[in-house]
Structures are given as structure tokens and as C-alpha cells.
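Visitor: sequence first, then the predicted structure, then my questions.
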Amino acid sequence: MPDGQTGGRTPHDDAQEQSSSVGRDETRVERADRNWDELLQEMRIVQTGVQILTGFLLTLPFQARFDTLDEYQRTLFLGLVVAAVTTTGVLVLPVRAHRSLFRQGQKERLVEAGDRIARACLVLVGLLMTGAAALVFDVVLGRVEGLMAAGAVLVGLSTLWLGVPRWIARR
């Protein structure tokens, strides 16, 4: 663009973009790129745990003791396999969306959608971890202990994942 033309933007627009970055001197595009990179890094961390848990679940049917599971345990196991596969699918969704929208000027929308997807993924991970604890405790100790373990994990994760960020924000 020739000097003096800003494509309909004013210096105020640029200042607004930069000041909304909370102490960072970056444009909206730079902020979107940074937020996208941070989101992907967070998803990589979650991915490792999901992969390990999914791998663990997928090996169980090949263990000699698997045949001793009762109907409830087999149903819980199959539900966990579905949850693990679903969680994995949701986990890679931001990357798939990025591939579909690459170079189309959609980075800010991708970041917004990726944030929602990451939040949904964390809920799925929490449910997956809760179910895995329920299954292991049920097989090793019994049904009541399995249900108690599931409740403890669900309450513990909810407290940590919801409470700690609030505590940090208040400090």
C-alpha cells in the first residue's frame, strides 16, 4: 500500500490491538500465532497421557486375566476404549482444522475453536482417567472400591483443574 493508506485501519486500531495483548507489544496476527503455538504445546502434553492410557487399554484384551472380567467390567472397558478413541480424535481436531484452513486467514478463529476443543478434550481426559481408575480398582478390589475410586478421582481432578487456576488468578 502507498504511504498513508492503511486499508481502512486507523492508528487507533493498531494501538487497540497491541494494548489488548496485556503487556505485550504484538499485533492481532502475532498474538494469534503465539496463542496457536501455546495451544499446540498444551495439546502435545495432553496427547502423551492420552496415548499412554489408550495403549494400556488396547493391550488389556490380550492379557490372560481379561477373560475373568464380568459383564460390568467388560462394558466399562469397552466404554473406556470408545472414550479413549474419541478423546484422541478430539485431540487431533485442531491440527486437522488447521490443515483444512491453512493460509485462509482463519488463525484467530482457529485459536478460538482450538480453545473450546482443548477444554472439551480435558473433560474427556478427566472422564477417561476416572473410568480407568474405576476399572482397575473394580478388578483388583471390588465394585464398591471401584466406584469409590471413580468418585475420588473425579472430585480430585475437578478440584485441581478448577480450583488451582482460580487460586493462581487470585494471587
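Guide: Looks like it arrived, so ask away. All values reported here derive from a predicted model rather than from experimental measurement. Numbers count the residues shown, from 1 in each chain.
Visitor: flag the shaky bits of this structure, pLDDT-wise.
Guide: Scanning the chain for pLDDT under 70 picks out the ranges 1-22.
Visitor: give me that answer again for 50
Guide: 1-7, 9-20 (pLDDT under 50).
Visitor: now do the buried residues in the strand or helix carrying V136.
Guide: Assigning secondary structure by DSSP states H and E places V136 in helix 107-140. The neighbour-count check on helix 107-140 (16 or more other Cβ atoms under 10 Å) flags 107, 110-111, 113-114, 117-118, 121-122, 124-135, 137-139 as buried. All C-beta atoms are positioned from the backbone trio N, CA, C, and that covers glycine.
Visitor: now for the very next helix or strand once past it, which elements pack on it?
Guide: Next helix or strand after helix 107-140 toward the C-terminus (DSSP H and E): helix 143-158. Secondary-structure packing of helix 143-158 (3 or more Cβ pairs under 8 Å, 6 or more residues apart in numbering; DSSP states H and E): helix 107-140.
Visitor: for the helix it packs on, packing partners?
Guide: Taking 3+ Cβ pairs under 8 Å, 6+ apart as the contact cut, helix 107-140 packs with helix 28-59, helix 71-101, helix 143-158.
Visitor: between the ones you listed, which one is closest to R65.
Guide: For the helices and strands packed on helix 107-140, the distance to R65 is smallest for helix 71-101, at 10.8 Å, taking Cβ to Cβ.
Visitor: before we move on, back to that, as JSON lines, the helices and strands packed on helix 107-140 with mean neighbour count and distance to I168 would be great.
Guide: Converted to JSON lines, the helices and strands packed on helix 107-140 look like this (neighbours: other Cβ atoms under 10 Å; distance: least, Cβ to Cβ, whole Å):
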{"stretch": "helix 28-59", "mean neighbour count": "14", "distance to I168": "16"}
{"stretch": "helix 71-101", "mean neighbour count": "15", "distance to I168": "24"}
{"stretch": "helix 143-158", "mean neighbour count": "16", "distance to I168": "16"}
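Visitor: so the helix holding V136 versus helix 143-158, what angle?
Guide: Put simply, helix 107-140 runs at 150 degrees to helix 143-158, going by axes from the mean of the first three to the mean of the last three Cα atoms, to 10 degrees.
Visitor: rewinding a little: will you turn the helices and strands packed on helix 107-140 into TSV that also has distance to R65?
Guide: What follows is the helices and strands packed on helix 107-140, written out as TSV (distance: least, Cβ to Cβ, whole Å):
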stretch	distance to R65
helix 28-59	12
helix 71-101	11
helix 143-158	16
